[in-house]
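Q: Dropping a prediction and its sequence here:
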Amino acid sequence: MLRPPRALLLDHGGVLMRSVKHPERMAGFAARVHALTGPAPGLDRAAVLAGITAGRAAYRAWKNGLARTPEPREIRHRELWEDFIAADWPPAARALVGAEATWLCRELVLAESDRTVAPGMLDTLRLARRHGVRTGIVSNTLVGALNRDLARRFGTDPLLDVQVYSDETGRRKPDPEMIRLAARALSVDPSDCWYVGDHYDRDVVCGKRAGAGATILMRPADRRDPQARPRPDAEVADGTELLDLLRTALTHHDTAHTPGQEAAA
């Protein structure tokens, strides 16, 4: 039985939100980028799409390469576009996308996928709120401002007390300072927090490094790795199971502290 938390901290993608990938939209996005850069020798739409594709792959490899380092940093928007995507483009085109890098990162994320609140997560946040449990997001993300917009759009914003994003802090999980930042903002100790994520190497490691009261992995049973270390304190398949886990912990705590039972004890 997990001790109930004073704060519930969630990863964004894969926990609070679910996404549906749309690779077919990349060609249209590349056309928009090409319209921004204008005609240049050797830089047609196909070359722009190739640069975006290669840059995204290089960024994924870069992130994975930092996954277990003690204090990984987040990439800067200009760095992604100038050094990963447009490294071999003509200087004028490279400078243009660098100047518009934040807007382009936002548009890239929007083109990559559609997002919606994961089943069970609104109910989980509402249950936490009813029991006085503070709530927050701790997430690696390219554009935290977009996630804040999504929170307002889908109605999670009033249920979140803090949002900590890697592009805004310059840090990436598994740097434990990400969780500590959220805990300090909520005036709680990490040991009084549950942290819920969907990756072993980023989320479980981060929770353990930060000294979270419970580190919970949200991942379907057929995608779990029994050999992964460190181990989470609990595993749930989805938001519905997280809701049940939180409800059980809160109910058990309330029952254990009723006046009648305390007198009997």
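A: Right, received. Where do you want to start? Values in this document were obtained by computation on a predicted structure and should not be read as measured data.
Q: any idea of the mean pLDDT for the strand or helix carrying residue 152?
A: Assigned by DSSP states H and E, residue 152 belongs to helix 144-154. Helix 144-154 carries an average pLDDT of 97.
Q: Give the next helix or strand downstream of it.
A: strand 162-165.
Q: Run me through the strand neighbours of that next one, direction for each.
A: The pairing partners recorded for strand 162-165 under DSSP bridges are strand 134-139 (parallel).
Q: ok so, going back, can you give me the angle the helix holding residue 152 makes with strand 134-139?
A: Per axes from the mean of the first three to the mean of the last three C-alpha atoms, to 10 degrees, the angle that helix 144-154 makes with strand 134-139 is 140 degrees.
Q: Could you point out the helix or strand that follows the longest helix anywhere in the chain?
A: Counting by DSSP state H, the longest helix found in the chain is helix 45-65. The element immediately downstream of helix 45-65 (helix or strand, assigned by DSSP H and E) is helix 77-79.
Q: any idea of the mean pLDDT in that following helix?
A: Rounded to a whole number, the mean pLDDT of helix 77-79 is 98.
Q: For that helix, enumerate the helices and strands it packs against.
A: Based on contacts counted as 3 or more C-beta pairs under 8 Å, 6 or more residues apart in numbering; DSSP states H and E, the elements that helix 77-79 packs against are helix 101-112. Any C-beta I mention is one placed from the backbone N, CA and C, and that applies to glycine too.
Q: Can you list the neighbours in contact with the helix it packs on?
A: Around helix 101-112, the neighbours that count as contacts under C-beta atoms under 8 Å, 6 or more residues apart in numbering are 21-22, 25-26, 28-29, 32-33, 36, 52, 56, 76-78, 80-82, 97, 142-143, 145-146.
Q: let's see 7 Å
A: Counting by C-beta atoms under 7 Å, 6 or more residues apart in numbering, helix 101-112 makes contact with 21-22, 25-26, 29, 33, 77-78, 80-81, 97, 142-143, 146, all of which sit outside it.
Q: do stretch 169-181 as well
A: When contacts are taken as C-beta under 7 Å, 6+ apart, the neighbours of stretch 169-181 outside the stretch itself are 9, 66, 68, 71-74, 138, 140, 164, 166, 190, 193, 195, 202-203, 205-207, 209-210, 212.
Q: now the longest helix of the chain and helix 101-112, what's the angle there?
A: Here helix 45-65 points in a direction 90 degrees away from that of helix 101-112 (the same axes, to 10 degrees).
Q: what packs against helix 45-65?
A: helix 26-37 (3 or more C-beta pairs under 7 Å, 6 or more residues apart in numbering; DSSP states H and E).
Q: What helices and strands are in contact with the helix it packs on?
A: Packing partners of helix 26-37 (3+ C-beta pairs under 7 Å, 6+ apart): helix 45-65, helix 91-99, helix 101-112.
Q: Swap in 6 Å and give it another go.
A: helix 45-65 (3 or more C-beta pairs under 6 Å, 6 or more residues apart in numbering; DSSP states H and E).
Q: tell me how far the helix it packs on is from the chain's mean position?
A: The chain centre lies 20 Å from the centre of helix 45-65; the measure is C-alpha atoms, centre = their mean, to the nearest Å.
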